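Colleague: sequence-free structure coming up:
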DNA sequence: AGTGCTGGTCTCTTTTTGAGACCATCAAAG
DNA sequence: CTTTGATGGTCTCAAAAAGAGACCAGCACT
């Protein structure tokens, strides 16, 4: 019988209707968001938005990043086109990282989020305290 | 001699001057940013911004999230005060998740970032392709 | 000859994430 | 009356990612 088939079909249609056909998988936005969503990416972009920095300067500026993650995160940011990497033939050679136009463009909305965090971190801390108290 | 000590002190002062005293460690903004910066958090907040959803609906809406990470991420979002969790005594009991006022407030700048990603994902993909080609 | 600064890489351990089995309860189907 | 399915989870184990720290080459200064 087609009973089951019809049922299944209608379920799929109902589901698609419910979600307005929006499927969050295979979404390019997710893919791009991941790139600026790492643990260190927003921090480094914010630092570089102020002015270009050299590798060692960034390491000192963000004391709790490991050298390994600094290398890796800068590499990813460079790959996504947010950061420009330039090597100067000094001795020892120095490497300067700076934001590209794309990076500066991305920093505009990112900074909005940072500002929100700045304004509302009290509220978030209170929410956490209240939640933890309720659990106990 | 104090030679070395003076040198060290001046280095610290030079460093603080260079960075304008900004220390990115122990920054409350970082702490708050981490909360909305996970792999799944922005996605779930975006979904819940549209309308409240139940646990199973979210799982179907985001097919590639594991049940474990869905539970955990919603729990963190609830702890940070972005999400409200309500259990309805139906049989079987159903659980609805919705954004709080704080969550809706946070979604405003988050959505700016999502829109940027929507507008610029082509540029990012091109940057990646160019970078990968240059490496080869 | 020894020390330090440069920007990394390599290895090892710990933490985080993903995949999937399992659970209790009740409704409807067969 | 037994099976099947949906509810929202938790638990365990494997895989992936992140952190800690050693190591490296080249050159300057002492």
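Modeller: Yep, that arrived. This structure is a prediction, so every number in the text was calculated from the model and none was measured.
Colleague: which strand or helix spans the residue of chain A at minimum distance from DNA strand C?
Modeller: Across chain A, no residue is closer to DNA strand C than residue A:56, which sits at 2.8 Å (C-beta to the nearest atom of the strand). (C-beta placed from N, C-alpha, C; glycine too.) Assigned by DSSP states H and E, residue A:56 belongs to helix A:55-61.
Colleague: close to chain B, is that helix?
Modeller: Yes. Counting by C-beta under 8 Å from any C-beta of the partner chain, chain B has neighbours in helix A:55-61: A:57, A:60-61.
Colleague: can you list the residues you listed in CSV and add neighbour count and pLDDT?
Modeller: Listed next are the residues of helix A:55-61 next to chain B as CSV, based on neighbours: other C-beta atoms under 10 Å in any protein chain shown; pLDDT from 0 to 100:
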residue, neighbour count, pLDDT
A:57, 18, 94
A:60, 13, 91
A:61, 20, 92
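Colleague: ok, is stretch A:113-132 in contact with chain B or not?
Modeller: Yes. Remark: stretch A:113-132 sits within contact range of chain B at A:113-118, A:120-121, A:123-128, A:130-132, by C-beta under 8 Å from any C-beta.
Colleague: could you pick out the buried ones from those residues?
Modeller: A:113-114, A:116-117, A:120-121, A:123-124, A:127-128 (16 or more other C-beta atoms under 10 Å in any protein chain shown).
Colleague: spatially nearest residue to the residue nearest the centre of chain A (excluding sequence neighbours)?
Modeller: By C-alpha atoms, centre = their mean, chain A has its centre lying nearest to residue A:37, at 1.6 Å. Spatial nearest neighbour of residue A:37, chain neighbours left out: residue B:37 (5.8 Å); criterion: C-beta to C-beta, 6 or more residues apart in numbering or on different chains.
Colleague: how about the contacts made by the one you found?
Modeller: By C-beta atoms under 8 Å, 6 or more residues apart in numbering or on different chains, residue B:37 lies in contact with A:37-39, A:42.
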